[in-house]
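Trainee: For reference, the sequence and a predicted model appear below.
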Amino acid sequence: MLAFYRRLYPFKSIFAWLNHEHIPTKLFTHREFAFTLQGDVYLRYNSFANADELKKQVCTLNPTRFEIGPVYSARPRDKKTVRPAAFSPQLRELVFDIDMTDYDSIRTCCSGADICRRCWGFIAVAVRVLDRALRDQFGYKHLLWVYSGRRGIHLWISDREALELTDEQRRALVGWLTVIQGGKEMHKKVNVRLNSKPLPPSLASAYKMLEPVFHDLVLADQECFAAEKGWEALLHLIPDRDTVEELREKWESRPKRSSEERWQDFENAIASKRNKGKGISPAALIAAKEDIVLQYTYPRLDAEVSKHRNHLLKAPFCVHPKTGRVCVPVDPRTIDKFDPERVPTVAQLLRELDSIALPENGTAGEHHSDWERTSLKPYVDMLDKHVMGLMEETRKMKQKTDLTW
């Protein structure tokens, strides 16, 4: 790990991303960093004057990973000498965490810590839905998606308005975006409407995006309703007893029906209700159908991560200790093509470095940008491009402030 930190970790890019400027400001100097060392030793409330200081400390400690926290009212390293009332979190990126284990009840290809290209489809659609919602409904521009290194993805929103959100405002925003709620014992996890009224406009828009994904991912790929456990879970979500009994009888007598065929049976049952005009209203079954699509495809958020400014989140480009994969940025526009199994590992990157010829003087010296000569380069470039947008925004804000004088 020490060679990775010394030669490959992009400290300067991380500094620029957190600081929004080239010269250090409180956005960096008052920022908390927490280190996890070998043996699960945890060091909190570290802070640094610049990128070089951060690099020096990381190389000294050689942590298994480090996390980034909020910007405090005083430097975190001075916490013990500052009055408690004068030490509180002031600013923090709005962060989100989507973890694959929250999809264990519906994915069929993997479970637990395992993840593959197929079940990554659930994360991919979650990213597309959440990215659009945050941009269109809240107007955020500076969204950085980062693969967690194993089975999930993190989002950091660096817009000034997001940084300034209070804990109460964060809770309200996350509550607005949360659709899937309830524990394992709860069958129906989507309750977003009164009776069978239409979906709220924001969810109706998401539904249009999710319906084709439901057919491709849930029905065709994952075959979520092929096995009895899967189709029984589907029947629990249908609010009409007659329809449920009719479908159960049919499916028990034809156990080899595919998920697509079972879903077609459900759609046929809705059409039949519409023609007969008896019993439960067709609108209620259509609403149930929409809710099922949402339950199987809408983003499953770890709400607690997003609600508090003082929550710590693993820094981009850290290495996951179990997989060895680097936590790299991901482009939401090409998220469907992203393959977590092809993300560079620390061992791979160090092998790439070893294969590079040494300079003519024959010594390796001190390397700051060796990542440029490895497969890490496109990911650091992605962060640097994101940083350019943040710095341009900061420059415009300063210009505006100068003009008001």
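Mentor: Received the coordinates, thanks.

Trainee: Need the nearest residue in space to residue 27, chain neighbours excluded.
Mentor: Once flanking residues are discounted, residue 27 sits nearest to residue 19: 5.0 Å by Cβ to Cβ, 6 or more residues apart in numbering. C-beta here means a position set from N, CA and C on the backbone, and glycine is covered the same way.

Trainee: what ranges do the helices span in the stretch 1-150 of the chain?
Mentor: For the stretch 1-150 of the chain, the helices defined by DSSP state H, counting those that start in this stretch occupy 2-7, 11-19, 26-29, 51-61, 120-138.

Trainee: Pick out the shakiest of those helices, pLDDT-wise.
Mentor: Averaged per stretch, pLDDT over these is lowest on helix 2-7, reaching a mean of 92.

Trainee: burial of residue 60, as a residue count?
Mentor: Residue 60 has 10 neighbours, counted by other Cβ atoms under 10 Å.

Trainee: okay, and for the chain, where does confidence drop off?
Mentor: Along the chain, the parts satisfying pLDDT under 70 run over 275-279, 357-368, 402-405.

Trainee: would you list every one of the strands in it?
Mentor: With DSSP state E as the criterion, the chain has strands at 31-37, 41-46, 65-72, 89-91, 94-99, 143-147, 152-157, 313-314, 329-330.

Trainee: With distance to residue 378 as new columns, can those strands be given to me in CSV?
Mentor: Formatted as CSV, the strands of the chain follow (distance: least, Cβ to Cβ, whole Å):
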stretch, distance to residue 378
strand 31-37, 26
strand 41-46, 30
strand 65-72, 22
strand 89-91, 30
strand 94-99, 23
strand 143-147, 13
strand 152-157, 17
strand 313-314, 21
strand 329-330, 9
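
Trainee: got TSV for those, with distance to residue 129 and mean neighbour count too?
Mentor: Below are the strands of the chain laid out as TSV (distance: least, Cβ to Cβ, whole Å; neighbours: other Cβ atoms under 10 Å):
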stretch	distance to residue 129	mean neighbour count
strand 31-37	30	20
strand 41-46	34	14
strand 65-72	25	21
strand 89-91	27	17
strand 94-99	10	22
strand 143-147	13	23
strand 152-157	12	23
strand 313-314	21	20
strand 329-330	15	22
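
Trainee: out of those strands, nearest to residue 182?
Mentor: Nearest to residue 182, of all these, is strand 94-99, at 16.5 Å by Cβ to Cβ.

Trainee: Return the most buried member of the helices of the stretch 1-150 of the chain.
Mentor: Among the helices of the stretch 1-150 of the chain, helix 11-19 has the highest mean neighbour count (mean count of other Cβ atoms under 10 Å), at a mean of 22.

Trainee: Can you list the neighbours in contact with that helix?
Mentor: 22, 24-25, 27-28, 31, 50-52, 54-55, 58, 68, 144, 158, 315-317, 368, 380, 383-384, 386-387, 390-391 (Cβ atoms under 8 Å, 6 or more residues apart in numbering).

Trainee: For stretch 116-133, which outside residues touch it?
Mentor: 96, 98, 100, 103, 106-107, 109-110, 143, 145, 152-153, 155, 177, 202, 205-206, 209-210, 213, 216-217, 221-222, 297-301, 330, 332, 335-336, 338-341.

Trainee: Alright, calling it a day.
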